[in-house]
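A.B. asks: Following is a predicted model, sequence given first.
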Amino acid sequence: MKEIAVFGLGTLGKSLAISYSNMGGKVIAIDKSQEKVDEIEEYEEFMANGDFYKRNQMLLTKVLQEKEYNLTDKEISELNEMSILIFRGMLETMRIDKNKPTLAQAVHRTVRYLENTLRVYHLV
């Protein structure tokens, strides 16, 4: 994959940087906030080591803490596993399905599946 530069790590830039990194691409992250750049570098480190589970667990735990949700470690681990399975399933669908969804359709479905999973835990 090619190396890309992402200028600005707001909601869209951060999402793009993480998604491209998840697909195995190299990302150069640029933002006026060094803290945001450091966060992306942490994600890149996890990606380089191939530890998707640990990376996703860290992200999920951080978001749940920021939103002040009180889930047990076991519940967070289960949510983490479900979200990874959803992402992997959609990536596999896009890779092999003859009638594969467009990228926009795949993103929409993936977000919908994740929202439904969070709904079970009364988080949305």
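C.D. replies: The structure has been received and is ready for your questions.
A.B. asks: Toward the C-terminus, what is the element adjacent to the lowest-mean-pLDDT helix or strand in the chain?
C.D. replies: When the helices and strands of the chain are scored by mean pLDDT, DSSP states H and E, helix 34-49 comes last with a mean of 74. Downstream of helix 34-49, the first helix or strand assigned by DSSP states H and E is helix 52-66.
A.B. asks: in that next one, what's buried?
C.D. replies: 55-57, 59-61, 64 (16 or more other CB atoms under 10 Å). C-beta: built from backbone N, CA, C; applies to glycine.
A.B. asks: Going by distance to residue 90, which of the residues you listed wins?
C.D. replies: Nearest to residue 90 out of these is residue 56 (CB to CB; 14.4 Å).
A.B. asks: just checking, the closest one touches residue 80?
C.D. replies: Yes: between residue 56 and residue 80 there is a contact under CB atoms under 8 Å: 5.3 Å.
A.B. asks: Next one: residue 6 from residue 110, what distance?
C.D. replies: According to CB to CB, to the nearest Å, residue 6 stands 20 Å off from residue 110.
A.B. asks: same deal with residue 9?
C.D. replies: 21 Å.
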